[in-house]
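> Sequence and predicted structure, then a few things I'm wondering about:
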Amino acid sequence: MVKLFRRATFGDEVSAVHDGLIHLRGGAPRVIVGTSSLNFEGLAPEQQLRSVQAFRELLHAQSGPMQLYLRIRRVPAGDQAEPDAAAFADHAAYLGALTRSFINAHLHDTPVYQREISVVLGPVDPGRQLLRSSLFRFDRSSEQPSFVASDLGKPLRNRAQALLEQLRRIGVKGRLLDDHALSTLLAELYGRPQSDREDRAAGRQAFAHRADSVEIDGRFYASFVVNRYPGEEVEPGWLLPLMSFKGELHAGIHILPLETDRMLTLLHHRIRDLRANDMASLESGAVDPPAIGTLPDALKVHQALARNEEKAFAVSFYITIGAENLRELRSQAEALRGSCRRMMLEMVQPFFEMRQALLSSWPLGTDLLGRDHILHSSALTTMMPWLQEDLADADGHYWGYNKETGGLCVFDPFDVERFSNANIAVLAHSGAGKSYAAASVVLSGHTRGIGAIVLDPEAEYGGMIRALGGTYLHLAAGSGHAINALDPLLFSVDSEEPTDQLSDVLDLIGLMCGKLDEVERAHVESITRSVIANAENTPVLGDIWRQLDRSQPGSRVSTILHRWVTGDLGQLFSAPTNVDLGATIVGFNLRDLSEELVPPSCLLLANWLWTALRRDRRPRHLLIDEVGLLLEHEPIRRFLIRLARRIRKYGGSLILVSQNPGDFFETKDGAVLATNPSILLLGSQKHSEASKLQKAFNLTERQVNYLETAERGDFLLVAGPNRVPVHVMVPPWMDELIVASRGH
């Protein structure tokens, strides 16, 4: 009775944070692994199966206690005041501040909640492999976590390192929280820095324990225990209503692996009792509805455990909600009960044990109530928590807002740990906002110091590029601008690719002359090598024609090539390069190129830009709008594939924009080009085009329906394994630049 009414202290559960470990009172260590999210609902069925199987393997690999911790909280809004341009020396930094101000205004007006999922590992303790619920009614006051000294330090970290690889197989990126991250987390939970050793009495005054809630520094919390799980078969993802909760929430799922032999013994006794009940029911003629189907299920689990197909776990589930006052807390509690009813969960409040339940739901790896249930692997696997993704990083490009959660999409396409490349494909029909979305990506990168080169076939980006202080060049016959096709050969920066560079020049001449046969190509290649070897100054395409005309006067290639190296065409294709790509953002206006000039001009420009990318290696976007028009020409298509595969090596990001996805899938090379980008923005599509995308990217029926009904500015953002419906909503300064540049 003395223990029952003793005053509980609060705030001293953690004794120290050191060397990446949380040390609880009594010395028990904990490792916390922070994880990214995964949009499980948006994955294709086979990807879902792979993730579920990987989570099952993660559970089977655990040799000690593990806690899955879910935290939902509102994203705080920062300063929404418009910054003063005079305070910024760099214009790009000022534009970045404008974007942050816009984001903060959105967060202030529209509540946005972020989800954080962590995994807490505790030391292996063979002495407590029994179900703690069997000790619950006899040892309820024991709050000192016991541990085994041999599992401290390195073995616990080894488990954490193995966990990182297991999370990667699920499709989730994990990271071990360091001392700073752990201290920040504890300070946010307790409302004060844990390192601040303030007076114990003052600490107790900041904490008030009531029958159905606790108060910490003026904030109120109510905790719940999951008392009953769904009584029927469910699929992974049934916890999604909990992920969508609009309010502060802490959920702790404690998982303790149990010894299979002991579980087989317990199940054997349970099966014996169920059979006895069945025999008694048959004799009496009474039917016990709750018992119907229980015996076959128990036999099935027993057989699976015996074959080592399943493992048994003691699982306890605690949920805590927080609010500014008691009235709001009651409202949040009703909302939580409604969510649990949709999940078929039965919750109870542990009256007079709110403190223990609160701590059990926090990421401390301690189950102070011991309200656990026995679950086998298949049942526990359905509780996989990585179900919803906002793609909301602390820093990165701004993409818009998530239409499902209302959260903002912010992530870095150059993140090598998340994406195999930084390439982006924007596919949508005319009028769906694809060029607008592509321009927003370029502008967002500009605020982060990332340059861009834009191939503009419709003259839609000129005003935007000039407003940013970039260079916008009008590429057309008689425009005065020239790019020398032989420059890449003389200024090669990659000795591994001389054959590719020479082949590009031959492809250019082939486009001009209507394709070269084997004999013509061999002759032109020989002359090109001779011109380069014997030239005193930088040769031009006209030098190749002159030597070709001397060796084969009146030949087909010589006659056709003469037109391309004289007159207005010669000023464009057979003159020294006078284009400077030194500006941060450079655009090429291709609108006034005649139809016959588009293929050779684009191939020439792309080859020269490729050399520039290799010569000056820095993060940079290369935007090619209406790329479908270029895929009809095999040399350009082949070059784009090479560019897409290698541009990451030089820090670049290829952005392909097309209004007809079918252009990609008509050829094998086009399909390779379409499936290369790690990031896709799929906008409104006709049914026929949506079906092609479904087959190529393994979209679900729900995602196909979304594409067919999407409005202007709506996109399905495919970023690695995650698929998120977004709306491209940009800051006012971006909108003004894009709209004014397009002349609207």
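Perfect, thanks for sending it.
> Can you report phi and psi for His397?
Backbone torsions for His397, taken as degrees, to the nearest 10, come to phi -70, psi 150.
> Report the rounded mean pLDDT for the longest strand seen in the chain.
Once the chain is assigned using DSSP state E, the strand that runs over the most residues is strand 312-323. Model confidence over strand 312-323, given as mean pLDDT, is 94.
> Need the three-state assignment for the residue nearest to Gly514 when sequence neighbours are not counted.
Spatially, and ignoring its direct neighbours in sequence, Gly514 is nearest to Ile560 (7.0 Å; C-beta to C-beta, 6 or more residues apart in numbering). Where C-beta positions appear, they are placed from N, C-alpha and C, glycine not excepted. Three-state secondary structure (criterion: DSSP: H, G, I helix; E, B strand; the rest coil) places Ile560 in helix.
> Might one say that Ile560 is in contact with Leu516?
No: Ile560 is beyond contact range of Leu516, at 10.5 Å (criterion: C-beta atoms under 8 Å).
> So the two - more neighbours on which side?
Neighbours were counted for Ile560 and for Leu516 using other C-beta atoms under 10 Å; Leu516 has more, 20 against 14.
> Report the distance from the strand or helix carrying Ala439 to the chain centre.
Under the criterion DSSP states H and E, the helix or strand holding Ala439 is helix 434-446. Taking C-alpha atoms, centre = their mean, to the nearest Å, one finds the center of helix 434-446 at 19 Å from the center of the full chain.
> Centre-most residue in this structure?
Leu391 (5.0 Å; C-alpha atoms, centre = their mean).
> Give me the residue ranges of the stretch 101-250 of the chain where confidence is low.
Within the stretch 101-250 of the chain, the stretches with pLDDT under 70 are 125-154, 192-206, 231.
> Go ahead and confirm Gln685 touches His429.
Yes: the pair Gln685 and His429 passes the contact test of C-beta under 8 Å, sitting 6.2 Å apart.
> right, and the helix or strand after the longest strand of the chain?
Next along the chain after strand 312-323, taking DSSP H and E as the criterion, comes helix 326-342.
> could you say what helices and strands that next one packs with?
Contacts defined by 3 or more C-beta pairs under 8 Å, 6 or more residues apart in numbering; DSSP states H and E place helix 326-342 against strand 219-228, helix 240-243, strand 312-323, strand 346-348.
> Kindly recompute the last result at 6 Å.
strand 219-228, helix 240-243, strand 312-323 (3 or more C-beta pairs under 6 Å, 6 or more residues apart in numbering; DSSP states H and E).
> and these as JSON lines, adding mean neighbour count?
Written out in JSON lines, the entries for those read as follows (neighbours: other C-beta atoms under 10 Å):
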{"stretch": "strand 219-228", "mean neighbour count": "19"}
{"stretch": "helix 240-243", "mean neighbour count": "19"}
{"stretch": "strand 312-323", "mean neighbour count": "23"}
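> between these, which gets nearest to Asp504?
Distances from Asp504 to each of those were compared by C-beta to C-beta, and the smallest falls on helix 240-243, at 50.3 Å.
> what's that closest one packed up against?
Helix 240-243 sits against helix 326-342, with contacts defined as 3+ C-beta pairs under 6 Å, 6+ apart.
> which of the residues in the helix it packs on are buried?
Of the residues in helix 326-342, those buried by neighbour count under the rule 16 or more other C-beta atoms under 10 Å are Leu329, Gln332, Ala333, Leu336, Ser339, Cys340.
> And the residues you listed, which is closest to Glu666?
Nearest member of the buried residues of helix 326-342 to Glu666, counting by C-beta to C-beta, is Ser339, at 47.5 Å.
> Relative to Ala333, how far out is that closest one?
11 Å (C-beta to C-beta, to the nearest Å).
> cool, Thr184 as well?
When C-beta to C-beta is the yardstick, Thr184 and Ala333 sit 28 Å from each other.
> Go ahead and confirm Asn607 touches Asp504.
Yes: the criterion here is C-beta atoms under 6 Å, and Asn607 meets it with Asp504 at 4.6 Å.
> what's the angle from the longest strand of the chain to strand 219-228?
With axes from the mean of the first three to the mean of the last three C-alpha atoms, to 10 degrees as the criterion, the two stretches strand 312-323 and strand 219-228 enclose an angle of 150 degrees.
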